[in-house]
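S.K.: Build me a structure from this.
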Amino acid sequence: MSTPAHRAAVRDKVAEILRAGMPQVDGRVFRARTWPLQEKDYPALLVYGWEEELKRTGGNAARTFFEARFILAVEARVQDRSRDAEEVEAELEELTGAVRDLVLTSPELLLAPGRMVERFDGVKTTLGIDTKSSEVAVGRGLIAFEIVWPETFEVPAPATDCGCDDTSLALRPVPAPPAP
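M.R.: Coordinates of the predicted model:
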């Protein structure tokens, strides 16, 4: 499996799951780290890749097995029409909890056939509310999922086009070393 293509497929599937299962955002799920949101666009979710690490788990020179660890981020953005940070925090808590639960229990990601990930190894949620840079309270909640799946990399066999139609093996005797 191709790592970049698989990461993109996981992000696309998570965005699809969130669009279908999060009526609170009314389809406002975007596949980008930044998105120019207007007042009418809140609440919204941004789905993007954060970081990936491959750790070798075995293999040989021709075939190497890795465990891919991918941090998938879902950022929830909410905005209140006032500077009431408590309302924004409550909305963030509800939204980030719903995102976490929906992704962690998604059969499309975890169950065969079509299983996309092996497991979730962790989830970290961070909430932040900004009341200083605007007339309204703007909240951001970041849910970072640590997702794991196996990767295999194989070195292609070198071309053996020598122009020979027949291959043969020639053995030659190796004399024994002289006796002392």
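
S.K.: May I have the residues that are in contact with S106?
M.R.: Contact analysis of S106 by CB atoms under 8 Å, 6 or more residues apart in numbering lists 14, 17. (C-beta placed from N, C-alpha, C; glycine too.)

S.K.: Could you give the backbone dihedrals for it?
M.R.: Torsion angles at S106 (phi, psi; degrees, to the nearest 10) stand at phi -80, psi 110.

S.K.: Over to the one 4 residues further on?
M.R.: Geometry field for L110 lists phi and psi as phi -110, psi -20, criterion degrees, to the nearest 10.

S.K.: Equivalent analysis for P156, please.
M.R.: Dihedral pair for P156: phi -70, psi 140, per degrees, to the nearest 10.

S.K.: Check A98 too.
M.R.: Reported as degrees, to the nearest 10, the phi and psi values for A98 are phi -70, psi -40.

S.K.: From R31, how far off is it?
M.R.: According to CB to CB, to the nearest Å, A98 and R31 sit 19 Å apart.

S.K.: What of V138?
M.R.: Distance from V138 to R31, counting by CB to CB: 21 Å.

S.K.: Then A85?
M.R.: The gap separating A85 from R31 is 29 Å, by CB to CB.

S.K.: Give me the neighbour count for D130.
M.R.: 14 (other CB atoms under 10 Å).

S.K.: can you check L111 too?
M.R.: Using other CB under 10 Å, L111 is surrounded by 10 other residues.

S.K.: contacting residues around it?
M.R.: Applying CB under 8 Å, 6+ apart, we find L111 in contact with no residue.

S.K.: measure it to R11 for me?
M.R.: 19 Å.

S.K.: What of Q79?
M.R.: 24 Å.

S.K.: Mind checking which of V138 and R31 has more residues around it?
M.R.: For the pair V138 and R31, the greater number of neighbours falls to V138 (20 against 16), based on other CB under 10 Å.

S.K.: Verify the stated contact: the more buried one with K132.
M.R.: No: if you go by CB atoms under 8 Å, V138 and K132 don't touch, sitting 10.0 Å apart.
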